[in-house]
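Q: Okay, structure incoming, though there's no sequence with it:
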């Protein structure tokens, strides 16, 4: 049975969309349909196709009804702290980047916090790749850049030195939910190393947040996992840096002017926001507040 994370071939995508294959190729050439290319072969994430279809429905109501004051998507220690301290009245619903994209598209959230890499290009948070190409009032703003790396048990008792060690016999790897940005990044980094994600031995339970993953390693449920430096520091585990990534906020243009959003963005310009980022570690604020996408 297909799951929401199924990748369809061109023929399967054409059948799913009730289109001719030639039309699907035309849409790819025009850059208007979400797809990725792996070793020269086009693949279409089914959940992204569903979002793309939804945004091309006539009479779509999601773009017209007011969005609730909810910030969905990826969990981040600095963002959580800023939401609390800014009194912006946003509710947090952090179930992963993919969940945030879906909630934003369906009108269930005012903002989505995302860090989703495209495996073909290495670009992050590209609306078309996320299935949001039909959202004609979408705005993307840089929140921070974050350092991702391997979280290790205190003292690194397994003597791990990099990604190439992850397929060692007996090594247990903590994992995030399939549509979390960290899990997608892990697959991308392993592929670049010539390693297969499915060949790793994973912990039996998913870590549903950055802190959950760090705690799983600290408590001995896993030996290693991919996560951010701030979570490693907060939970007292070792950290091996690998990759800097953009961490962005997506929202509709009209919601940019809503009071909760403006209070959060204003707070991020205060000195104590910078001080907190430095204390947590693993953040680069050089592009904070920059508009990186404006449909």
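A: The structure has been received and is ready for your questions. A quick note: this is a predicted structure, and the numbers were derived from the prediction, not measured. Numbering: from 1, shown residues only.

Q: since we're on residue 196, how many residues are nearby?
A: When counting by other C-beta atoms under 10 Å, one arrives at 11 neighbours for residue 196. Using the backbone N, CA and C atoms, a C-beta is placed for each residue, glycine as well.

Q: Now for the nearest residue in space to it that is not next to it in sequence, how many residues are close by?
A: Excluding its sequence neighbours, the residue lying closest to residue 196 (C-beta to C-beta, 6 or more residues apart in numbering) is residue 190, at 7.0 Å. As a burial measure, residue 190 scores 20 neighbours (other C-beta under 10 Å).

Q: Validate this expectation: residue 190 resides in a strand.
A: No - applying DSSP: H, G, I helix; E, B strand; the rest coil, one finds residue 190 to be helix, outside a strand.

Q: pretty sure residue 267 is touching residue 82, no?
A: Yes - contact criterion C-beta atoms under 8 Å: residue 267 and residue 82 qualify, at 5.8 Å.

Q: joint contacts of those two?
A: residue 273 (C-beta atoms under 8 Å, 6 or more residues apart in numbering).

Q: Those two: which has the busier surroundings?
A: Counted by other C-beta under 10 Å, residue 267 and residue 82 do not tie: residue 82 has more neighbours, with 23 against 17.

Q: That one and residue 268, how far apart?
A: Counting by C-beta to C-beta, to the nearest Å, the gap from residue 82 to residue 268 is 6 Å.

Q: Check residue 292 too.
A: Remark: distance between residue 292 and residue 268 (C-beta to C-beta) = 15 Å.

Q: next one: residue 111
A: Distance from residue 111 to residue 268, by C-beta to C-beta: 13 Å.

Q: Show me which of these two is the more surrounded one.
A: Each of residue 111 and residue 268 has its neighbours counted (other C-beta under 10 Å); residue 111 has more, 30 against 20.

Q: The closest residue to residue 140 other than its chain neighbours and residue 228, how far apart?
A: Excluding its sequence neighbours, the residue lying closest to residue 140 (C-beta to C-beta, 6+ apart) is residue 293, at 3.3 Å. According to C-beta to C-beta, residue 293 stands 22 Å off from residue 228.

Q: if you count what's nearby, which of the two comes out ahead?
A: Between residue 293 and residue 228, counted using other C-beta under 10 Å, residue 228 has the larger neighbour count: 32 against 15.

Q: beta partners for the more buried one?
A: residue 148 (DSSP bridges).

Q: shaky segments in the chain?
A: With pLDDT under 70 as the threshold, the chain has low-confidence stretches at 1-5, 31-32, 47-48, 51-64.

Q: ok, which stretches of the protein are strands?
A: 7-8, 36-38, 41-45, 70-73, 91-93, 111-114, 138-152, 172-173, 201-202, 224-228, 238-252, 283-284, 291-294 (DSSP state E).

Q: Point out the other helices and strands that the fifth one packs with.
A: Read that as strand 91-93. Packing partners of strand 91-93 (3 or more C-beta pairs under 8 Å, 6 or more residues apart in numbering; DSSP states H and E): strand 70-73, helix 97-105.

Q: elements contacting the last one?
A: For helix 97-105, the contact count by 3+ C-beta pairs under 8 Å, 6+ apart identifies helix 46-54, strand 70-73, strand 91-93, strand 111-114, helix 181-192, strand 238-252 as packing neighbours.

Q: change it to 7 Å
A: helix 46-54, strand 70-73, strand 111-114 (3 or more C-beta pairs under 7 Å, 6 or more residues apart in numbering; DSSP states H and E).

Q: do the shortest one as well
A: Other helices and strands packing on strand 70-73, by 3+ C-beta pairs under 7 Å, 6+ apart, are strand 91-93, helix 97-105, strand 111-114.

Q: Check which residues of the second one are buried.
A: The reference is to helix 97-105. Buried residues in helix 97-105, counted by 16 or more other C-beta atoms under 10 Å: 97-105.

Q: try the shortest one
A: Of the residues in strand 91-93, those with enough neighbours to count as buried (16+ other C-beta under 10 Å) are residue 93.

Q: try stretch 67-74
A: Buried residues in stretch 67-74, counted by 16+ other C-beta under 10 Å: 67, 69-74.

Q: And the residue nearest to residue 267 when sequence neighbours are not counted, how far from residue 94?
A: Excluding its sequence neighbours, the residue lying closest to residue 267 (C-beta to C-beta, 6+ apart) is residue 86, at 3.5 Å. From residue 86 over to residue 94 the distance is 16 Å, taken as C-beta to C-beta.
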